[in-house]
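>>> show me the folded form of this:
(2 chains)
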Amino acid sequence: MASNAAVPFWRTAGMTYITYSNICANLVRNCLKEPYKTEALSREKVHFSISKWTNGKPEKPTSDV
Amino acid sequence: MFRRASRLLARTTTASTWRRSRAFSTDVPATPAQDPNFIDSWKKVIPNLDPPKTPASFMTPRPVTPSSIPSKITVNFVLPYASELSSKEVDMVIVPATTGQMGVLPGHVPTIAELKPGILSVHEGNDVTKYFLSSGFALIHANSVADIIAVEAVPVDRIDPGLVQKGLAEFTQKLGSAITDLEKAEAQIGIDVHSAMNSAITG
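Numbering: from 1, shown residues only, chains lettered A, B, ... in the order given. Predicted structure coming up:
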C-alpha cells in the first residue's frame, strides 16, 4: 500500500501541520493594515509564566508576555 | 514468516475484487439511535429499569442525503475566534485547495480538502465575497453542506500591499541564507504565503 499524496516540504523538514498552520496565520496577521493588525495581534497574545522547580522548591517564575 | 505474508496479501486482494469489506459512510443508512433488539431483551429481563442510554442516542442523527440535488449549498465558515458564515445558503464557493482552486456547487461529491493560503470566494446570486485564508480545511458533505475552517481569514482589502512586498523580499533573502532544513522550510512557507497574498491583492 503505497502512499498516494506527495509529502509536503514542511513535513520532510520535521514540522507538524499545526506549526505550519500557525506560521501561516502569523504571517498573514503581520501583513494586515492598521487597526486590524493591532487587534489581531492582541487577540492572539498569550500570557504565561514558567517556574522551574529545583530540590522540591519553586524558583522565581519567568514571565513571558 | 514471509510465506504467511504472501498468503495474507493474496487473501486481501481476492476479497476486495468481489466485495468491499467496509461500506462507505454515505452508502450506509443512518443507524437508529437505540437498538430495538437490545431494548426488547432488556425489557424482558429487567422490566422496571429504563434501558441505559448509548452514546449514539445523545448524538444528533446523521442528516439524510436528499435524493434530489438541492439548489443551494449551506456554508459554515468558521475561524477559531469567530464564525464568519453560519448555515448560509449560497450558490457556489470556490476554495483554495492544495490541489488548486476548487469550485463547490450543490450536489458536490463528499470531499475533505486541505486548503493552502489563498482566496475563498462565496458566490450568492451576483454578489461575490472574497476572503484571504491562511490555511485550513474544507469538508463537503453528501447533503450539500460545506464546512470551511481556517485559522485566519481576512477580507482582501485589509491586507497592506507594502508589508506584503517587504515580507516577500525578506523571506526570499532568508531562503538564500538558510542552512538547516527547518530554516529552509520556514523561508519557503514565508514565500508561499506572501506570494499568495500578493496575487490576492493584485488578481
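
>>> and A:Asn30, how many residues sit next to it?
Using other Cβ atoms under 10 Å in any protein chain shown, the number of residues around A:Asn30 comes to 16. Using the backbone N, CA and C atoms, a C-beta is placed for each residue, glycine as well.

>>> again with B:Glu114
The burial count for B:Glu114: 15, using other Cβ under 10 Å.

>>> list the contacts of the nearest residue to it once chain neighbours are set aside.
Leaving out its chain neighbours, the residue that sits closest to B:Glu114 by Cβ to Cβ, 6 or more residues apart in numbering or on different chains is B:Thr98, at 5.1 Å. By Cβ atoms under 8 Å, 6 or more residues apart in numbering or on different chains, the contact list for B:Thr98 reads A:8, B:113-116.

>>> likewise for A:Cys31?
B:159-160, B:163-164, B:167, B:194, B:197.

>>> check B:Gln34 too.
Contacts of B:Gln34 (Cβ under 8 Å, 6+ apart): B:51, B:53-54, B:56-57.

>>> check B:Val128 too.
Contacts of B:Val128 by Cβ under 8 Å, 6+ apart are B:121-122.

>>> give me the element it is part of.
Here B:Val128 is covered by strand B:127-133, with elements defined by DSSP states H and E.

>>> pLDDT of that strand, averaged?
Mean per-residue pLDDT for strand B:127-133: 92.

>>> what do you get for stretch B:179-186?
89.

>>> outside of it, which residues touch it?
So stretch B:179-186 is contacted by A:9-10, A:12-15, A:23, B:174-175, B:178 (Cβ under 8 Å, 6+ apart).

>>> list the buried ones in that stretch?
B:184-186 (16 or more other Cβ atoms under 10 Å in any protein chain shown).

>>> now stretch B:100-114
For stretch B:100-114, by 16+ other Cβ under 10 Å, it's B:102, B:104, B:106, B:108, B:113.

>>> end-to-end on it?
10 Å (Cα to Cα, to the nearest Å).

>>> same check, this time on stretch B:103-115
13 Å.

>>> point to the helix or strand of chain B where mean pLDDT is at its lowest.
helix B:2-18 (a mean of 56; mean pLDDT, DSSP states H and E).

>>> after that one, next one along is what?
helix B:36-45.

>>> chain center to that following helix, what's the gap?
Offset of helix B:36-45 from its chain centre (Cα atoms, centre = their mean, to the nearest Å): 39 Å.

>>> restrict it to CA atoms and write it as PDB.
Included here for helix B:36-45 are C-alpha records, laid out as PDB according to Å, rounded to 0.1, in the frame of the first residue of the first chain:
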ATOM      1  CA  PRO B  36     -34.600  -2.200  19.200                       C
ATOM      2  CA  ASN B  37     -33.300  -5.700  19.800                       C
ATOM      3  CA  PHE B  38     -31.300  -4.600  22.800                       C
ATOM      4  CA  ILE B  39     -34.200  -2.700  24.300                       C
ATOM      5  CA  ASP B  40     -36.600  -5.700  23.800                       C
ATOM      6  CA  SER B  41     -34.200  -8.100  25.500                       C
ATOM      7  CA  TRP B  42     -33.600  -5.600  28.300                       C
ATOM      8  CA  LYS B  43     -37.300  -5.100  29.000                       C
ATOM      9  CA  LYS B  44     -37.800  -8.900  29.200                       C
ATOM     10  CA  VAL B  45     -35.100  -9.300  31.800                       C
END
